[in-house]
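Chemist: Here you go, sequence then predicted model.
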Amino acid sequence: MTALVPHSWLNSLGIPPWVWNPLSVSLHAAFEATIVVAVVGVALGYLLAKGRFPGRGAIETLFSLPMALPPTVVGYYLLTRMGGPGPIRNAEIHLFGHPLTFTFTGIVVAQIVESFPYCLRFSRTAISVVDPRFEQAARAMGLSRWRIMLLVTLPLARRGIVAGVAMAFGRALGDFGATMIVSGSVPMATTMPIALYDAVFYGSHEQAMVLALVQLGVAFAILLGVSRLGKVRPW
Amino acid sequence: MTAALEVAVTRQIGEFELDVAFTVESGISVLFGPSGAGKSLTLALIAGLMRPDSGTIVINGEVVTDCEHRLHVSTQARRIGMVFQDGLLLPHRSVLDNVALAVRQASGRPARRAVARSWLERVGAEGFAHRRPGSLSGGQRQRVALARGLAGDPALVLLDEPLSALDSAVRRELRNLIREVIISSGVPAVLVTHDAEEAEDLGDVVIAYNDGRVTGRRVVARPVYPEPQPGAPQSTEPT
């Protein structure tokens, strides 16, 4: 499921499975979560930035709650809603054939919830600061609302949107609390932060050091990428 | 003959009240007056970017705003072209794309680009068709903005202080170009300026504005217009 690269290649590179397996799960889950978060987050961010309807503030606050809540609280609610009896669990069984708790898909769901606010808030802010006169000019050019959104607003907001998506990816990759509660430490569904926790818990300090270093490198690369996006000349 | 534009609107913004009525025929009509007189607001109402509190706007015989009957045709459906003070070219698209996006009368990207190229040639901007607007001078940007404003086969073109951000030498050069291109295209135009010399040089009719009111209207003596170029709408007439 998570073999993005053949294990024989990794063995030849000297990367041990106890690094590659959790890294692969983490990257795979974060990638899937980020796709969902990017599509839904940018769309909702656009609606919140451009729409004039009651309850916008309440909607943004509701979807931003995971930023302020301890991840364990988010994980608890996900575990009880997804794993406990009720319509959500019934829907999971109907769609997937089994509950999503303690599965790879459960990890993805937890990461979506945890990382969504970052994409939403970055996108909403980036879209709302686009100079409205460009959109007025586009209206005078005869472009429809959809074309204005796709050809004018989103491209002009792209740096903030890309930064939000990158931050969401980083958040998904680094999530521990919610993922731990929703998925536990199931073999082949163990992410890097959980593998690090296990290594510390079982006294494998060398493994813990390597796992921490890998995560440090990945986080550094993401933040460097985000900061470069901020510095790059706009057009 | 149907007027190119009939405006009779009011609009209150805070303490300021706009209450104007005028008609525009062929050629260039200049709305002239001091800053804050309501000229650009009038243009925004004509373009449908804002709604008046009361009144009607008729473009080329089609009612586009009628407050009494709650009619407000969208900006996109008004068949207008607009040239803004600072061009407002889309910074992430090439010059050619900026003009091609405004082309409504041709379908398909190659056809739209061909129309855009011909307009860039007419304003002397064909040499930087593939450059981004950020790399152009102010005068070059306004040439492109003029091409974009006319490329969509508009029934009316609106120019909101198109030269005010430029230095005097470039302004003089572009004045001649604007007049030549607009008159030869045969598209009626409304141009806003607070510069008396510019109003005189560009306008066939000067409509004076002050404090939200039309305070005068004067026809500028002009020689007979040059013949429209082949393919351009035949709506110009001598004043």
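Modeler: The structure has been received and is ready for your questions. Residues are numbered from 1 along each chain as shown, chains lettered A, B, ... in the order given.

Chemist: Before we move on, what's the pLDDT of residue 214?
Modeler: If you meant another chain, say so; for now it's chain A. Per-residue pLDDT puts A:Val214 at 92.

Chemist: please go with chain B instead
Modeler: 96.

Chemist: what's the answer for B:Val83, then?
Modeler: 96.

Chemist: Run through the residues that contact the spatially most central residue of chain B.
Modeler: Against the mean C-alpha coordinate of chain B, by C-alpha atoms, centre = their mean, the closest residue is B:Leu158 at 1.9 Å. The contact partners of B:Leu158, by C-beta atoms under 8 Å, 6 or more residues apart in numbering or on different chains, come to A:140, B:43, B:46-47, B:80-83, B:149, B:189-191. Placement of C-beta: from N, CA and C, glycine included.

Chemist: in the sheet, who's paired with it?
Modeler: Beta-bridge partners of B:Leu158, counted by DSSP bridges, are B:Met82, B:Val190.

Chemist: Spell out which residues of chain B are next to chain A.
Modeler: Counting by C-beta under 8 Å from any C-beta of the partner chain, chain B comes close to chain A at B:47-49, B:74-76, B:79-82, B:84, B:88, B:90-93, B:101-102, B:104, B:132, B:134, B:148, B:152, B:158.

Chemist: residues in contact with the helix or strand hosting B:Gly216?
Modeler: Applying DSSP states H and E as the criterion places B:Gly216 in strand B:213-219. Strand B:213-219 is contacted by residues B:19-22, B:33, B:38, B:204-209, B:239 when judged by C-beta under 8 Å, 6+ apart.

Chemist: Going by neighbour count, which of these are buried?
Modeler: B:19-20, B:22, B:33, B:38, B:204-209 (16 or more other C-beta atoms under 10 Å in any protein chain shown).

Chemist: circling back to that earlier point, tell me the one of the contacts of strand B:213-219 nearest A:Tyr118?
Modeler: Among those, B:Gly38 lies closest to A:Tyr118 (C-beta to C-beta), at 44.6 Å.

Chemist: so the closest one sits right up against B:Ala208, yeah?
Modeler: No. With contact defined as C-beta atoms under 8 Å, B:Gly38 does not count as touching B:Ala208 (11.8 Å).

Chemist: Mark which of the contacts of B:Leu158 are buried, thanks.
Modeler: Taking 16+ other C-beta under 10 Å as the criterion, what is buried in these is A:140, B:43, B:46-47, B:80-83, B:149, B:189-191.

Chemist: Could I get the full set of strands for chain B?
Modeler: B:5-13, B:16-24, B:28-32, B:54-59, B:62-66, B:71-72, B:80-83, B:156-160, B:189-193, B:205-210, B:213-219 (DSSP state E).

Chemist: ok, and which of those strands has the densest surroundings?
Modeler: strand B:80-83 (a mean of 28; mean count of other C-beta atoms under 10 Å in any protein chain shown).

Chemist: Which elements pack onto that strand?
Modeler: helix A:132-140, helix B:39-47, helix B:138-151, strand B:156-160 (3 or more C-beta pairs under 8 Å, 6 or more residues apart in numbering or on different chains; DSSP states H and E).

Chemist: Just the CA atoms of it, as CSV, please.
Modeler: Extracted C-alpha coordinates of strand B:80-83, given in CSV (Å, rounded to 0.1, in the frame of the first residue of the first chain):
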residue,chain,number,x,y,z
ILE,B,80,-18.1,48.1,-23.2
GLY,B,81,-14.3,48.4,-23.3
MET,B,82,-12.5,50.1,-20.4
VAL,B,83,-9.1,51.8,-20.1
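
Chemist: In a markdown table: the strands of chain B, plus distance to A:Ile15.
Modeler: As requested, the strands of chain B are exported to a markdown table (distance: least, C-beta to C-beta, whole Å):
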| stretch | distance to A:Ile15 |
| --- | --- |
| strand B:5-13 | 66 |
| strand B:16-24 | 70 |
| strand B:28-32 | 71 |
| strand B:54-59 | 68 |
| strand B:62-66 | 67 |
| strand B:71-72 | 64 |
| strand B:80-83 | 59 |
| strand B:156-160 | 62 |
| strand B:189-193 | 67 |
| strand B:205-210 | 74 |
| strand B:213-219 | 78 |
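
Chemist: The closest residue to B:Thr193 other than its chain neighbours: how many residues sit nearby?
Modeler: In space, and not counting its chain neighbours, B:Thr193 is closest to B:Ala199: 5.4 Å by C-beta to C-beta, 6 or more residues apart in numbering or on different chains. Neighbours of B:Ala199 under the rule other C-beta atoms under 10 Å in any protein chain shown: 23.

Chemist: Quick check: the gap between B:Ala199 and chain A.
Modeler: 23 Å (C-beta to the nearest C-beta, to the nearest Å).

Chemist: Settle this for me: A:Gly164 is touching A:Gly41, isn't it.
Modeler: Yes. If you go by C-beta under 8 Å, A:Gly164 and A:Gly41 touch, sitting 7.0 Å apart.
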